[in-house]
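1. build me a model:
(one chain, ligands or ions: 2)
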Amino acid sequence: MTGTSGMKRILIVDDEPNVMRVLKLMLERAGHQVRTAADGLAGLEMARAEAPDVLITDIQMPRMDGRELVCTLHAEAPQRGFDIYVMTSMTEREEREWVRRIPRVAFLEKPVSPRQLVARLAGIGLTPRELHAIFITHEHSDHVGCAPQLAQKFGIPIWMSHGTWSAIGQPDLQGWLRLAADGRPIALSAQCELHPFTVPHDAREPLQLVVQSGGRRMGICTDLGHPSAHVVERLQGCHALLLESNHDPDLLAASRYPVFLKRRVAGALGHLSNAAAADLLARIAHPELQLVVAAHLSEQNNRPELALSHLQAALDAAQLNTALLAATAAQGCDWQWV
Ligand SMILES: [Zn+2]
Ligand SMILES: [Zn+2]
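-> Numbers count the residues shown, from 1 in each chain. Ligands and ions are numbered 1, 2, ... in the order given. Below is the predicted model of the structure:
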């Protein structure tokens with residue numbers, strides 16, 4: 001995970017079995033050897049006994065938390081020969097400062113927990129029981145999060161491609177699983193239809209969506225390596241767009257991301273830069289497009305004003321006065337009507 005290729009021995013320390021399972025599966029699929037520990041103390045013992053190539057740890061855990069684990073390892077061996085990644089969620093920002101002071105430690109974004117998700121829904125005036133369906137676009141952990149647990153707990157149909165379901169380990173979703181595929185519309189109600197379409201992204205069978213309701217079309221397109229002809233065609237005629245504008249190439253190049261991750265993000269199956277998002281927008285913009293929301297902005301490798309200025313330039317060139325705003329990972333954006 002440091003930019004050199006080949007199999008790594010990775011130790012994951014986390015007390016949440018679901019996060020652990022998905023992460024372990026993904027890393028094993030990428031050819032790595034994965035060991036796991038359920039709390040900081042067990043992780044410390046394993047790291048001492050057989051130094052891994054990479055250690056990934058959660059912060060909040062019983063017996064010994066992630067911060068104490070990392071600080072203990074650092075105190076015992078300041079010249080430690082392996083990298084450490086600390087998984088943080090969006091509510092743990094303040095936890096990040098200490099990470100910066102220790103060499104060879106960086107943080108990774110962790111998916112939200114059911115409790116955080118319910119709280120965020122409440123923030124926009126919704127309870128889980130009001131959700132008609134959940135759609136998982138692909139298996140990357142920031143998109144799966146706690147959705148499978150939420151679906152089972154509250155009895156919500158959960159849609160995903162067969163490839164995505166396989167990639168998360170084919171969990172038994174107790175009758176709530178619904179399989180989605182490119183070109184097969186999903187009628188959620190008499191008024192609302194979903195139109196999934198395939199996108200080029202480094203996942204097993206990733207889908208993005210057009211939501212159609214009352215003659216209006218909203219395109220949702222995050223996690224896109226590049227705009228394929230198919231994507232451009234499927235996003236035509238939208239009245240609203242939630243469009244990935246992931247990174248600024250200079251900020252990405254200068255960031256603390258490990259080299260393999262920088263290559264992945266900027267690659268043809270990674271994420272759209274601000275300029276690439278603006279190019280795509282120029283190809284699908286039309287006079288009926290009322291709203292564009294820039295989404296999936298990288299916290300470390302982008303700034304909302306950079307994303308917005310690229311997208312605004314594309315709208316200006318098309319002579320449109322479409323409303324434009326950015327959704328952030330922490331706050332999202334308010335309800336919008338189109
Ligand atoms: Zn993503
Ligand atoms: Zn992704």
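
2. how about Ala314, secondary structure?
-> helix (DSSP: H, G, I helix; E, B strand; the rest coil).

3. is it true that it touches Arg283?
-> No - with contact defined as CB atoms under 8 Å, Ala314 does not count as touching Arg283 (9.1 Å). Every residue, glycine included, has its C-beta placed from N, CA and C.

4. quick one, grab the pLDDT at Arg93.
-> Arg93 carries a pLDDT value of 56.

5. Ala314 and Arg283: who's more crowded?
-> Per other CB atoms under 10 Å, whichever of Ala314 and Arg283 has more neighbours is Ala314, with 22 against 14.

6. residue contacts, the more buried one?
-> 278-279, 281-282, 285 (CB atoms under 8 Å, 6 or more residues apart in numbering).

7. let's go with 7 Å and repeat that
-> By CB atoms under 7 Å, 6 or more residues apart in numbering, the contact set of Ala314 is 278, 281-282, 285.

8. what about the stretch 101-250 of the chain, any weak spots by pLDDT?
-> Within the stretch 101-250 of the chain, the segments meeting pLDDT under 70 span 109-112.

9. what residues does it put near ligand 2?
-> With CB under 5 Å from the ion as the criterion, the stretch 101-250 of the chain meets ligand 2 at residues 140, 223.

10. show me where the stretch 101-250 of the chain has helices.
-> 114-123, 141-144, 147-154, 162-167, 229-234, 249-254 (DSSP state H, counting those that start in this stretch).

11. which of the ones you listed sits closest to Ala329?
-> helix 141-144 (8.6 Å; CB to CB).

12. by contact count, what packs against that closest one?
-> With contacts defined as 3 or more CB pairs under 7 Å, 6 or more residues apart in numbering; DSSP states H and E, helix 141-144 has these neighbours: helix 17-29.

13. the helix it packs on vs helix 114-123, what angle?
-> Calculated by axes from the mean of the first three to the mean of the last three CA atoms, to 10 degrees, helix 17-29 forms an angle of 110 degrees with helix 114-123.

14. what about whichever helix or strand comes after helix 17-29, average pLDDT?
-> For helix 17-29, the following helix or strand on the C-terminal side (DSSP states H and E) is strand 33-37. Strand 33-37 shows a mean pLDDT of 95.

15. okay, buried residues for the helix or strand just after strand 33-37 please.
-> As assigned by DSSP H and E, the chain's next helix or strand after strand 33-37 is helix 40-49. For helix 40-49, burial by neighbour count (16 or more other CB atoms under 10 Å) applies to 40-44, 46-47.

16. circling back to that earlier point, distance to Leu289 and mean neighbour count added to the helices of the stretch 101-250 of the chain, as TSV?
-> Formatted as TSV, the helices of the stretch 101-250 of the chain follow (distance: least, CB to CB, whole Å; neighbours: other CB atoms under 10 Å):
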stretch	distance to Leu289	mean neighbour count
helix 114-123	28	14
helix 141-144	25	18
helix 147-154	29	19
helix 162-167	29	19
helix 229-234	14	15
helix 249-254	26	14
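
17. could you list the domains of the chain?
-> 9-109, 116-326 (automatic domain parsing).

18. just send those back as TSV, with distance to ligand 1 too.
-> Formatted as TSV, the domains of the chain follow (distance: least, CB to the ion, whole Å):
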stretch	distance to ligand 1
domain 9-109	9
domain 116-326	4
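
19. in JSON lines: the ones you listed, plus distance to Cys333.
-> Formatted as JSON lines, the domains of the chain follow (distance: least, CB to CB, whole Å):
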{"stretch": "domain 9-109", "distance to Cys333": "15"}
{"stretch": "domain 116-326", "distance to Cys333": "6"}
